[in-house]
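*Asks:* Pasting a predicted model and its sequence here:
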Number of protein chains: 2
Amino acid sequence: MEYIVDNIKSQMRKGLLEYCILLILNKKEAYASSIIEELKHANMIVVEGTLYPLLIRQKNQGLLNYRWEESTQGPPRKYYMITDKGRSLISEMDLAWQEIVSTIETIRK
Amino acid sequence: MEYIVDNIKSQMRKGLLEYCILLILNKKEAYASSIIEELKHANMIVVEGTLYPLLIRQKNQGLLNYRWEESTQGPPRKYYMITDKGRSLISEMDLAWQEIVSTIETIRK
DNA sequence: TAGAATACCTTGTATAACAAAGTAGTATTT
DNA sequence: AAATACTACTTTGTTATACAAGGTATTCTA
């Protein structure tokens, strides 16, 4: 039965990832590994192979921009930052999230 | 941009469907069309092609049972009801849901 | 200078949901 | 009685998301 629960949890997390990325970048710019760290800290496990394509997708949608920055300890990092378009999408996602939360409430009654 | 928002919403709903089905059947037994109605009422749009395979999956996992019942206005209906196993999974899903909600809180800070 | 570490990226796979079409029993209309 | 509409259940093919696993490139360190 454990595998069912794990699957449920992972399914629930899916679809919230994009939202989480924007929320994180709304606070301050960050590069992939640091985003993964923050997500892990909040119990939202993500791997590189998931995050990179997602960042690229959001960039292509005009929600993010990035700039390269030299690191003092390693190769250069791609710092992503949110755009105005991304910020206005967050407002809509906030609403969508509230809707979801109250949907669950409604169904539980 | 509207299509992005719609996609986000649909992504957020995904993964919560299984949970919602169990919550609904935890209140009282129901057949597919009535489940779709209740979900629609709570703003969680689902179509037949999504729901039927899901019910069959949950039945095969031992979370649900069903019985046929004649209808006064149409073909017989397959009434699904939750099992003990399904009920105990709900408790775990409640926890998972709480975790998700607080994850979002944490990230938003 | 060889290896370790960091960071970015790509490919193949599994799965969930959807769109659309199909099957079949029951009710209604002509 | 036959044709049509309606209700309900089911299946098939497609799309999209995330993951696992592997790959490339740059920088640091022993």
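*Replies:* Done, it's in.

*Asks:* ok, now which ones touch A:Glu29?
*Replies:* By Cβ atoms under 8 Å, 6 or more residues apart in numbering or on different chains, the contact list for A:Glu29 reads A:79-82. Every residue, glycine included, has its C-beta placed from N, CA and C.

*Asks:* I'd like a version of those residues in a markdown table, one that adds distance to B:Glu38 as further columns.
*Replies:* Below are the contacts of A:Glu29 laid out as a markdown table (distance: Cβ to Cβ, whole Å):
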| residue | distance to B:Glu38 |
| --- | --- |
| A:Tyr79 | 46 |
| A:Tyr80 | 40 |
| A:Met81 | 42 |
| A:Ile82 | 37 |
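
*Asks:* among those, which two are most distant?
*Replies:* A:Tyr79 and A:Ile82 (11.4 Å; Cβ to Cβ).

*Asks:* which of the two has more neighbours?
*Replies:* Counted by other Cβ atoms under 10 Å in any protein chain shown, A:Tyr79 and A:Ile82 do not tie: A:Ile82 has more neighbours, with 22 against 17.

*Asks:* State the number of residues packed around the closest residue to that one other than its chain neighbours.
*Replies:* Counting by Cβ to Cβ, 6 or more residues apart in numbering or on different chains, A:Ile82 lies nearest to A:Leu25, which is 4.4 Å off, once chain neighbours are set aside. Using other Cβ under 10 Å, the number of residues around A:Leu25 comes to 24.

*Asks:* Same check on A:Trp68?
*Replies:* For A:Trp68, the count of nearby residues is 10 (other Cβ under 10 Å).

*Asks:* Nearest residue to it in space, ignoring adjacent ones along the chain?
*Replies:* Among residues not flanking A:Trp68 along the chain, A:Pro76 sits closest, at 5.1 Å (Cβ to Cβ, 6+ apart).

*Asks:* and chain A, which residues reach DNA strand C?
*Replies:* A:7, A:11, A:31-33, A:48-49, A:52-53, A:55-56, A:71, A:73-75, A:77-78 (Cβ under 7 Å from any atom of the strand).

*Asks:* could you flag which of those residues are buried?
*Replies:* Among those, those classed as buried by 16 or more other Cβ atoms under 10 Å in any protein chain shown are A:11, A:31-32, A:55, A:77.

*Asks:* which one of these is nearest chain B?
*Replies:* A:Gln11 (3.4 Å; Cβ to the nearest Cβ).

*Asks:* What segments of chain A are helices?
*Replies:* For chain A, the helices defined by DSSP state H occupy A:2-13, A:17-27, A:32-41, A:48-60, A:84-108.

*Asks:* Show me what the third one is in contact with.
*Replies:* Contacts with helix A:32-41, where a contact means Cβ under 8 Å, 6+ apart, come from A:20-21, A:24-25, A:30, A:45-48, A:51-52, A:55, A:77-78, A:80, B:106-107.

*Asks:* That one and DNA strand D in contact?
*Replies:* No - for helix A:32-41, no contact with DNA strand D is found by Cβ under 7 Å from any atom of the strand; the gap never falls below 9.5 Å.

*Asks:* Nice, that's everything, thank you.
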